[in-house]
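Participant: Predicted model and sequence follow; I will ask about them next.
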Amino acid sequence: MNQRLFIELYLDEDVDILVANLIRGYGFLAEATRDAENLRSTDAEQLEYAVSQQKTLLTHNRVDFEALATQYFESGKEHYGIILATRHPPHEIVRRLLLVLNHVTWDEMRNQLRYI
């Protein structure tokens with residue numbers, strides 16, 4: 001299996017594209033839904049894509065993704081983390097994200113649900 005050190009992000013279409021651009025400016029990998037050509041995919045499909053790419057999903061959609069995380073846990077499926085961000089301006093989301101990205105490894109994020 002591909003072993004990484006740093007978390008790579010996948011932003012669902014709810015998250016401002018500027019967040020991906022700003023995170024890339026700090027040297028982290030971030031892919032937006034638009035980049036992956038996954039616009040209008042369901043939440044489950046978004047998470048499946050993130051898992052297939054071994055990426056941590058970033059979303060504002062707390063309710064649906066908490067439910068999906070529970071489904072994954074109960075069925076023994078693995079994901080590479082879900083970060084639930086409160087709606088704030090992009091620069092504030094990035095500030096909060098950097099606290100996670102600079103202190104949590106890719107492996108530590110596995111199957112985790114984090115709130116920023």
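Facilitator: Sure, I can see it.
Participant: for residue 58, helix, strand, or coil?
Facilitator: With DSSP: H, G, I helix; E, B strand; the rest coil as the basis, residue 58 sits in strand.
Participant: which residues touch it?
Facilitator: Going by Cβ atoms under 8 Å, 6 or more residues apart in numbering, residue 58 touches 9-12, 15, 19, 83, 85, 97. Backbone N, C-alpha and C define where each C-beta goes, glycine included.
Participant: swap in residue 65?
Facilitator: By Cβ under 8 Å, 6+ apart, the neighbours of residue 65 are 43, 47, 57, 59, 82, 84, 113.
Participant: name the element it belongs to?
Facilitator: Per DSSP states H and E: residue 65 is located in helix 62-75.
Participant: distance of residue 76 from residue 111?
Facilitator: Look at residue 76 and residue 111: by Cβ to Cβ, to the nearest Å, they are 10 Å apart.
Participant: In terms of packing, which of those two has more residues around it?
Facilitator: Between residue 76 and residue 111, counted using other Cβ atoms under 10 Å, residue 111 has the larger neighbour count: 14 against 6.
Participant: ok, that one - contacts?
Facilitator: Contact analysis of residue 111 by Cβ under 8 Å, 6+ apart lists 72-73, 78-79, 81.
Participant: and the residues you listed as CSV, adding distance to residue 64, pLDDT and neighbour count?
Facilitator: Formatted as CSV, these follow (distance: Cβ to Cβ, whole Å; pLDDT from 0 to 100; neighbours: other Cβ atoms under 10 Å):
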residue, distance to residue 64, pLDDT, neighbour count
72, 13, 98, 17
73, 15, 96, 13
78, 19, 97, 10
79, 14, 98, 23
81, 16, 98, 24
